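Asker: Have a look; sequence and predicted model below, questions after that.
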Amino acid sequence: LAEDVPVGDLGLATRYSELAHEMSERIREGVLRPGDRLPSVRSVRRTRKMSPATVLQAYRVLEDRGDVRVRGRSGYYVNARKIGPMAEPAASEGTPKVVEPTVRDVVLDLVNAVKSPDIVALSSAFPDPSLFPLARLARALHAAALRLTPNSIYEDLTPGNPELRRCIARRYMETGVTVPIEEIVVTSGALEALNLCLRTATRPGDIVAIESPAFYAALETIQRLGLRCIEVPTCPREGIQVGALAKVLARHSVKACWLMSNFQNPTGASMPDEKKVELVRLLEKHDVPMIEDDVYAELHFDPVPRKPVKAFDRRGLVMHCSSYSKCLAPGYRVGWASPGRYAKDVSWAKLTFSMAATSAAQWAVVEYLKKPGYNFHLRRLRATLLDRQGRMLKIVHEAFPAGTKVTRPSGGYFLWLELPERVDAMKVYEKACARKIHVAPGPIFSAQKQFRNFIRLNHGIEWSPKVGEAVATVGSIVRSLS
Ligand SMILES: Cc1ncc(COP(=O)(O)O)c(C=O)c1O
């Protein structure tokens, strides 16, 4: 079975990826400057008690990412900016205004693209399904089916299976967030949780503050519920600009915010803890609830997880939503909301909307989590995603024209690219489609169709030479348009 890899191999996989990530952060912070030599393999080996192979593997990842280059036998050196990593896109700008979003048909094409084996779906929102412990999950599902009793249909009704809710509460506890079991409402994936929270917090015509750019499903949900939105400038590294949001809340009667504070889709941005505190105090001041989409929480490349905004919430204003879809069990559709002071309302909304989440799927996740292996699986998943990020960044550096900017998120599986000013992402999308390659064009992430020259690429899809070639082809299309 894929997950039965010896622990020694996993140790190596995670230790090198953690070292690579740490060095990359030091380069980003300027502790290591262009031209500086990385600590020698021998010294890292001594100070960290790592094998030379582990250190070398980490340095090769950095080389792939374009952070460093090897100079003969003298070691690894940080790349000068002009030949080194591309710059990151700047924060979005503009005066926020209230709009009614419309979602492009392109989104439907993108979702369908993943079904076609002959399309390279760089646009996909899913990670490679073969990275999940499907065989163990199947056994867990089998065990779940056998243990279901006639009474299960009552016991697992909304707010959900008590054992699963206890597992979720324990995981919160491990990341430093206090959530009582009674607050947790099990849903059919995070998307249902987000929908139910938004319905609970708003009435048609209300205004919702979102990031710019934002996850397209947020735009779609806002549109379908007859709401309006206001897009707030967002930094591709540190997330929503709290100062800009403060002005929006002062000027408009915003009824809810729908935000991602960790590994935002599409930028990959994560807010530092200080900004999260600032944000939650601002929400308290205006008594505005925040729907926090945290589906990528488990996919962090740093050794420790990032806290959600929910961790700093004192008044029950944060409605935290997540799922097992991106980290453990895609397709099982097991998600949840921890909606703070809105828990009863959300539970009622779930009950009247779809009664309950599937009993067998809830139990299957419990059966899986009962045995050791979840953290093992997650560490390997994170290491693989980081590895693939490096590979994709390398090709982006080589194949895209000067003037391209790209993010390097600390988790998740998206790269957000700003293309040279003249390039129209919709044209890139069309030309790539003709070559059976799908990219997610920037305008689908904006109610006002901004981000005309941006695209999102998924580096977590199944990796093969064909994927590498597809990224290079997109680079050549961008070159031809720039
Ligand atoms: C940012 C974001 N939120 C929510 C979801 C939906 O999660 P789920 O599959 O658990 O409903 C996705 C899936 O693509 C996503 O990218």
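Answerer: Right, received. Where do you want to start?

Asker: and the closest residue to the ligand within the stretch 51-200 of the chain, what does it touch?
Answerer: Nearest residue of the stretch 51-200 of the chain to the ligand: G189, at 2.7 Å (CB to the nearest ligand atom). The C-beta positions use only the backbone N, C-alpha and C, and glycine is treated the same way. G189 makes contacts with 323, 325, 333-335, as judged by CB atoms under 8 Å, 6 or more residues apart in numbering.

Asker: give me that answer again for 10 Å
Answerer: 195, 295, 321-325, 330-336, 357 (CB atoms under 10 Å, 6 or more residues apart in numbering).

Asker: In a helix, E163, correct?
Answerer: Yes: looking at E163 with DSSP: H, G, I helix; E, B strand; the rest coil, it is inside a helix.

Asker: In space, what's closest to it - neighbours in sequence excluded?
Answerer: Leaving aside its sequence neighbours, E163 sits nearest to V366 (CB to CB, 6 or more residues apart in numbering; 4.8 Å).

Asker: Same check on A256?
Answerer: Distances taken as CB to CB, 6+ apart put A201 closest to A256, at 4.1 Å, once the chain neighbours are dropped.

Asker: and that neighbour, what does it touch?
Answerer: 208, 227, 255-258, 288-291, 317, 319, 339, 342, 345-346.

Asker: three-state assignment of the residue nearest to E163?
Answerer: What three-state DSSP gives for V366 is helix.

Asker: number of nearby residues for it?
Answerer: 21 (other CB atoms under 10 Å).

Asker: Next, work out how far apart it and L56 are.
Answerer: 41 Å (CB to CB, to the nearest Å).

Asker: Looking at neighbours, which among the contacts of A201 is most surrounded?
Answerer: Counting neighbours by other CB under 10 Å, M319 comes out on top of the contacts of A201 with 32 neighbours.

Asker: would it count as being in a strand?
Answerer: Yes: M319 forms part of a strand when assessed by three-state DSSP.

Asker: For the stretch 351-482 of the chain, which segments count as strands?
Answerer: For the stretch 351-482 of the chain, the strands defined by DSSP state E, counting those that start in this stretch occupy 405-406, 414-418, 437-438, 440-441, 454-458.

Asker: Which strands and helices lie in contact with the first one?
Answerer: Taking 3 or more CB pairs under 10 Å, 6 or more residues apart in numbering; DSSP states H and E as contact, the helices and strands that strand 405-406 lies on are helix 374-399, strand 414-418.

Asker: tell me the contacts of N265?
Answerer: So N265 contacts 125, 211, 213-218, 293, 295-296, 412-414, 416, 440, 445, 456 (CB under 10 Å, 6+ apart).

Asker: Generate a PyMOL selection restricted to the buried subset of those residues.
Answerer: Selecting only the buried entries of the contacts of N265 in PyMOL, with 16 or more other CB atoms under 10 Å as the criterion:
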select buried, resi 125+211+213+214+215+216+217+218+293+295+296+412+413+414+416+440+445+456
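
Asker: just the contacts of N265 that are near the ligand?
Answerer: 125, 215, 293, 295 (CB under 6 Å from any ligand atom).

Asker: Identify the farthest-apart pair in the residues you listed.
Answerer: A125 and D293 (12.4 Å; CB to CB).

Asker: on that earlier part again, Serialize the strands of the stretch 351-482 of the chain to a markdown table and add fields for mean pLDDT.
Answerer: Below are these laid out as a markdown table (pLDDT from 0 to 100):
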| stretch | mean pLDDT |
| --- | --- |
| strand 405-406 | 97 |
| strand 414-418 | 98 |
| strand 437-438 | 97 |
| strand 440-441 | 97 |
| strand 454-458 | 98 |
